[in-house]
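[1] Coordinates only, no sequence provided:
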């Protein structure tokens, strides 16, 4: 009879390509939603402490600037895909604006039957009047989120090109290390491989969460270079022999 100490649990089965793709997609969506919530909270904090005189107009200014960046992506010789993405983004912005539109007048809490209900009605109207700028800012930030997602889609070729260049350069360095008798370093390989996805996710989260408008190239290009560098190290540190 085998002893309990000799029992070894079966090795955990690693997910396949489809499983990894689905899990990565779900994780990316979660991070995008979190970045949207973070950007709304930052906007509210700014309305209280940093730009109280502007109020909800600050988010409108940021939205207008980002729409200008999106429009600048459309030039006569651009690909038809860019036109489609930009048009879909504008449609999504219009849909969000329609769904989250707030009236200038507070809702009419018709409760004049007694003093208690009348007080509750006055309190509700006053509370809505104070909360309305923050709700409008949340709506505008959500529209800005859609615009910035479209700009990130436009920047995807930059990330792909950086990754491709990093992969080619890394394979060349791997061959040089292979024929030169260089040392293996699995720790460096694993660290670099795990840094590829965070480089892209970090670019999305930081760019979406910014409370001001900025040229997307300034934010996304450094992360694209970081992704290319991580891919280069990953291919450079691949096993010399399989």
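    That came through fine. None of these values were measured; they are calculated from a predicted model.

[2] In the record's domain split, what are the boundaries for this structure?
    Here the domain parsing of the chain from automatic domain parsing is 43-154, 155-242.

[3] Out of these, which gets the lowest mean score?
    For the domains of the chain, mean pLDDT drops lowest on domain 43-154, to a mean of 77.

[4] Can you give me the end-to-end span of it?
    25 Å (C-alpha to C-alpha, to the nearest Å).

[5] Distance-wise, check the residue nearest to residue 192 when sequence neighbours are not counted relative to residue 38.
    Nearest residue to residue 192, sequence neighbours excluded (C-beta to C-beta, 6 or more residues apart in numbering): residue 233, at 3.8 Å. For glycine as for every other residue, the C-beta is placed from the backbone atoms N, C-alpha and C. Separation of residue 233 from residue 38 (C-beta to C-beta, to the nearest Å): 30 Å.

[6] give the contact list for residue 165.
    For residue 165, the contact set (C-beta atoms under 8 Å, 6 or more residues apart in numbering) comprises 228, 232.

[7] quick one: secondary structure of it?
    Per DSSP: H, G, I helix; E, B strand; the rest coil, the local secondary structure of residue 165 is helix.

[8] what are the ranges of the strands in the protein?
    Assigned by DSSP state E, the chain shows no strands.

[9] Of all residues in it, which one is nearest the centre?
    Residue closest to the mean C-alpha point of the chain, counted by C-alpha atoms, centre = their mean, is residue 204 at 3.3 Å.

[10] got the contact list for that one?
    Counted by C-beta under 8 Å, 6+ apart, residue 204 has contacts 28, 31-32, 35, 152.

[11] now do 6 Å
    Contact analysis of residue 204 by C-beta atoms under 6 Å, 6 or more residues apart in numbering lists residue 152.

[12] and the gap between it and residue 21?
    From residue 204 to residue 21 the distance is 17 Å (C-beta to C-beta).

[13] do residue 145 as well
    24 Å.

[14] What of residue 83?
    28 Å.

[15] Could you do residue 221 as well?
    Counting by C-beta to C-beta - residue 221 and residue 21 are separated by 26 Å.

[16] tell me what the biggest helix by length in the chain is packed against?
    The residue-count maximum for a helix in the chain (DSSP state H) belongs to helix 115-154. Contacts defined by 3 or more C-beta pairs under 6 Å, 6 or more residues apart in numbering; DSSP states H and E place helix 115-154 against helix 17-45, helix 57-72, helix 80-99, helix 196-209.

[17] what comes up buried for the longest one?
    Neighbour-count burial for helix 17-45, counted by 16 or more other C-beta atoms under 10 Å, picks out 31-32, 35-36, 39-40, 42-44.
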